[in-house]
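Participant: Sequence and computational prediction follow.
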Amino acid sequence: MKSYLAAAVQMTSKPDLEENLATASDLVELAVRRGAAFVTLPENFSFLGQETEKVKQASEIAHKSEKFLKTMAQRYQITIVGGGFPIPVGDGKVSNTALMIGKNGEELARYEKVHLFDVNLPDGNTYQESETVKAGVSLPPISISPELGKIGLSVCYDVRFPELYRQLSKQGAEVLLIPAAFTAYTGKDHWQVLLKARAIENTAYVIAPAQTGNHYARRTSHGHAMIIDPWGLILSDAGEDPGLALAEINPSRLEQVRRQMPVLNHRVFG
Ligand SMILES: O=C(O)CNC(=O)[C@H](CS)NC(=O)CCC(=O)C(=O)O
C-alpha cells in the first residue's frame with residue numbers, strides 16, 4: 001500500500017435513477033480532478049425513493065448502477081465503490097448491495113447489507129427496511145490491493161454493530177468503508193461518534209460517503225460525509241451540501257498509530 005487520496009462523495013439522491021447517475025458522475029469527475037485514486041459513493045447513490053418504487057425499478061437500478069460503476073472506474077482509472085443499491089433477489093425483495101470495482105472494470109468485492117434498519121424513530125418516522133430488503137448472511141469481504149491496502153466493506157446501519165468491524169480488522173482491514181444514508185434525526189447525535197469509535201477501536205481509516213438533505217417527502221439525511229484517520233481525527237468533513245470529503249490515506253500514519261496504540265494486539269475476548 002502506498003499513500004493515496006480517497007474521496008467520499010456526498011449527494012442528495014432522489015427517486016430518479018438517471019438524474020442521480022448524472023449527479024454522481026459529476027462528483028466522481030470532481031474527485032478525480034482533485035487527485036482521488038479511490039472514490040466512494042453513498043448508500044442509495046443511484047436511487048432514493050419510496051420502497052415500492054425502489055422494488056418496482058430494482059432490475060433497472062441494479063443493471064445501470066453496476067454498469068455506471070464499471071464505466072467510471074475504467075474512464076478515470078480509479079477504484080470505485082457504490083455504497084449500496086438494490087438488486088432483485090426474488091420474492092419481490094432486493095438485497096442492499098455495495099460493490100467495489102477496480103480500474104479495469106473488474107469486480108473487487110461485493111457485500112449484501114446484513115443489518116437492516118427496522119426502527120421507529122422518536123420523530124415519528126418509521127423505517128422497515130426488511131419489508132423490501134433481504135438481509136445478507138455473510139461477513140463483508142476485504143479487498144486486498146497492493147495500491148490501496150486492505151479495504152473492508154460495510155453499509156450504513158452496520159456502523160452500530162462494532163463486532164462486524166472487529167471481524168474485519170482481525171482479518172487485516174486497514175480501511176473501513178461505511179457508506180450511508182443516515183437519517184437527519186439519528187445523525188445529529190450518533191453519526192460522528194459511531195464513525196470515530198470504529199476508527200479508534202480498530203486503529204483503521206474510516207471512509208464514510210453520505211447522503212444529505214431532503215430526498216422526497218419527509219426523508220432527510222444528515223450529510224457530513226467524512227474521512228477519519230486511525231487515531232480518530234477527522235481529516236475531511238463535507239458539511240451539509242453535496243460535494244466531497246477528500247483526504248490522504250497514508251500507510252506510515254496507520255503504522256504509527258498502530259505502534260502508539262496497539263489495541264489490536266491486546267485483544268482478549270475476540
Ligand atoms: O431506504 C432505502 O431505500 C435504502 N436503505 C436505507 O437508506 C437504509 C435503511 S432505511 N438507511 C439506514 O440504514 C439508516 C441508518 C440510520 O440512519 C441509523 O442507524 O441511525
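Facilitator: Here it is on my side, so go on.

Participant: Which single residue of the stretch 1-150 of the chain ends up nearest the ligand?
Facilitator: Phe117 (3.5 Å; Cβ to the nearest ligand atom). Bear in mind the C-beta positions are built from the backbone N, C-alpha and C, glycine included.

Participant: my read: that residue touches Cys156, true?
Facilitator: Yes. Judged on Cβ atoms under 8 Å, Phe117 makes contact with Cys156 at a distance of 7.1 Å.

Participant: who's more crowded, those two?
Facilitator: Higher neighbour count among Phe117 and Cys156: Cys156, with 27 against 20, using other Cβ atoms under 10 Å.

Participant: residues contacting the more buried one?
Facilitator: Cys156 sits next to 43, 83-84, 113, 117, 178-182 when contact means Cβ atoms under 8 Å, 6 or more residues apart in numbering.

Participant: For these, give me TSV that also has secondary structure and pLDDT.
Facilitator: Below are those laid out as TSV (DSSP: H, G, I helix; E, B strand; the rest coil; pLDDT from 0 to 100):
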residue	secondary structure	pLDDT
Glu43	coil	98
Gly83	strand	96
Gly84	strand	95
Lys113	coil	98
Phe117	coil	97
Ile178	coil	98
Pro179	coil	98
Ala180	strand	98
Ala181	coil	98
Phe182	coil	98
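
Participant: got a winner among the residues you listed for most neighbours?
Facilitator: Gly83 (33 neighbours).

Participant: how far away is the residue nearest to it when sequence neighbours are not counted from the ligand?
Facilitator: In space, and not counting its chain neighbours, Gly83 is closest to Pro179: 2.3 Å by Cβ to Cβ, 6 or more residues apart in numbering. Plainly put, Pro179 is 10 Å away from the ligand if you go by Cβ to the nearest ligand atom, to the nearest Å.

Participant: what sits against Pro179?
Facilitator: 40-43, 45, 81, 83-84, 98, 155-156, 208-210.
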